[in-house]
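Novice: Provided below for reference: sequence and predicted model.
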Amino acid sequence: MKNLVIVSMPAKIEKVGQLKELLVEILPDTRKFKGCISVNTFFEEATNTFHLVEDWESLDDQQAYAAWRGETGGIEVLEPLLEGGVASLKVTICGPEQLGV
């Protein structure tokens, strides 16, 4: 991986299906975005949380993507689906792998 970013989205229990459908709909655009190498999606059943494990050419590309999602209303769509709203959305920017550790 070049630049690891993990996005965690805790879904409301009654909205898990809707969030999954939304991710199926929007992630192709994410994968086509400049600098996106890959996005893999995992679901943690114990907490109803979707985890997106993303690999980016650069963190600048990922930040441009995040800004684009904000500008196009992608964040507002998540609000009613997430336990705690968008405030519960967690983005962990790990960056590049640390070799030799």
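Specialist: Cool, got the structure. Residues are numbered from 1 along each chain as shown.

Novice: enumerate the positions of the helix or strand of the chain with the lowest mean pLDDT that are buried.
Specialist: Using mean pLDDT, DSSP states H and E, helix 74-78 stands out as the lowest-scoring helix or strand of the chain, at a mean of 88. For helix 74-78, the neighbour count (16 or more other C-beta atoms under 10 Å) marks 74, 77, 78 as buried. Every residue, glycine included, has its C-beta placed from N, CA and C.

Novice: stretch 94-101 too?
Specialist: In stretch 94-101, counting by 16+ other C-beta under 10 Å, buried: nothing.

Novice: could you do stretch 78-90 as well?
Specialist: Buried residues in stretch 78-90, counting neighbours by 16+ other C-beta under 10 Å, are found at 78, 81, 82.

Novice: quick one: mean pLDDT over the helix or strand containing residue 21.
Specialist: Using DSSP states H and E, residue 21 falls within helix 16-32. The average pLDDT for helix 16-32 rounds to 97.

Novice: buried residues of that helix, list them for me.
Specialist: Here helix 16-32 shows 16, 19, 22, 23, 27, 30 as buried, counting by 16+ other C-beta under 10 Å.

Novice: can you list these in JSON lines and add distance to residue 92?
Specialist: Output for the buried residues of helix 16-32, formatted as JSON lines (distance: C-beta to C-beta, whole Å):
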{"residue": "16", "distance to residue 92": "21"}
{"residue": "19", "distance to residue 92": "19"}
{"residue": "22", "distance to residue 92": "21"}
{"residue": "23", "distance to residue 92": "18"}
{"residue": "27", "distance to residue 92": "18"}
{"residue": "30", "distance to residue 92": "16"}
